[in-house]
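*Asks:* Sharing a model that was predicted from the sequence below.
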Amino acid sequence: MVKRVSALAGHYHPGPLGTSADVGITLGEIRDLELWQMAAWPETLAAVGTLAAETIGVDDMPAPGQAVTESGAAVLRIEPLKFWLIGATAPELNTDQGAIVELSHSRTHLRLFGPQAATLLNRHLPLDLREPSFPVGAVASSAIDHVGVTLWRSQVGYDLFIPRGFALSLWQVLLLGAAQFGAMVTE
């Protein structure tokens, strides 16, 4: 297997950021992403959704714009007929049911959390990230600086999936914004 090199290699420096003694945001890269996209045909949605859910050990597929999790794995419903399977090995899927493709190397996975994480993200994303509008389990496709991204509000914080080719530039944008709140970049 090919050893994956982070898109942020050489530009990722763990430690404090900014002049504030308080840490308002903790952010970092989640390495070794395992990501599969499963797409169903309209008539096979229930079967493919059930298969995705069963792969991680849950009973029901998520609704559009939602996620379900179990034991460190997740199924995100990123579009009405598309699921992302994170942290689990993809199941077999017949072409008459849908299509499956590995996206692990195509995305950089960032996680942001802390009392100012939503404020920082709201400066770049046209989404209402307040709890009633974007609760834990919510998923949205959006854009930062015209780059399509996927945002998931996990139990830990905000998980951001960025196309690999734009990861470094968006990482720098996020670091610049995070510094004003006092930030910590994780190992």
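*Replies:* Noted; the coordinates are in hand. Remember, predicted model here, so these are calculated numbers, not experimental data.

*Asks:* C-alpha from now on. contacts and neighbour counts both.
*Replies:* Will do.

*Asks:* And the helices in the protein, which stretches?
*Replies:* Assignment of helices within the chain using DSSP state H yields the ranges 45-56, 117-122, 167-179.

*Asks:* Adding mean pLDDT, mean neighbour count and distance to residue 83, write these out as JSON lines.
*Replies:* Shown next, in JSON lines, are the helices of the chain (pLDDT from 0 to 100; neighbours: other Cα atoms under 10 Å; distance: least, Cα to Cα, whole Å):
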{"stretch": "helix 45-56", "mean pLDDT": "96", "mean neighbour count": "20", "distance to residue 83": "8"}
{"stretch": "helix 117-122", "mean pLDDT": "96", "mean neighbour count": "19", "distance to residue 83": "23"}
{"stretch": "helix 167-179", "mean pLDDT": "95", "mean neighbour count": "18", "distance to residue 83": "22"}
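
*Asks:* To residue 90, which of those helices lies closest?
*Replies:* helix 45-56 (7.5 Å; Cα to Cα).

*Asks:* Contacts only, for residue 98.
*Replies:* Residue 98 makes contacts with 38, 39, 40, 41, 44, 48, as judged by Cα atoms under 8 Å, 6 or more residues apart in numbering.

*Asks:* what's the nearest residue to residue 26 if we skip its chain neighbours?
*Replies:* Nearest in space to residue 26, with sequence neighbours left out and distances taken as Cα to Cα, 6 or more residues apart in numbering, is residue 184 at 4.7 Å.

*Asks:* Count the residues that sit near residue 130.
*Replies:* Using other Cα atoms under 10 Å, residue 130 has 11 other residues around it.

*Asks:* what separates the nearest residue to it once chain neighbours are set aside from residue 181, distance-wise?
*Replies:* Nearest non-adjacent residue to residue 130, counting by Cα to Cα, 6+ apart: residue 118, 7.7 Å away. As judged by Cα to Cα, to the nearest Å, residue 118 and residue 181 stand 12 Å apart.

*Asks:* same question, residue 46
*Replies:* Here residue 46 is placed at a distance of 44 Å from residue 181 (Cα to Cα).
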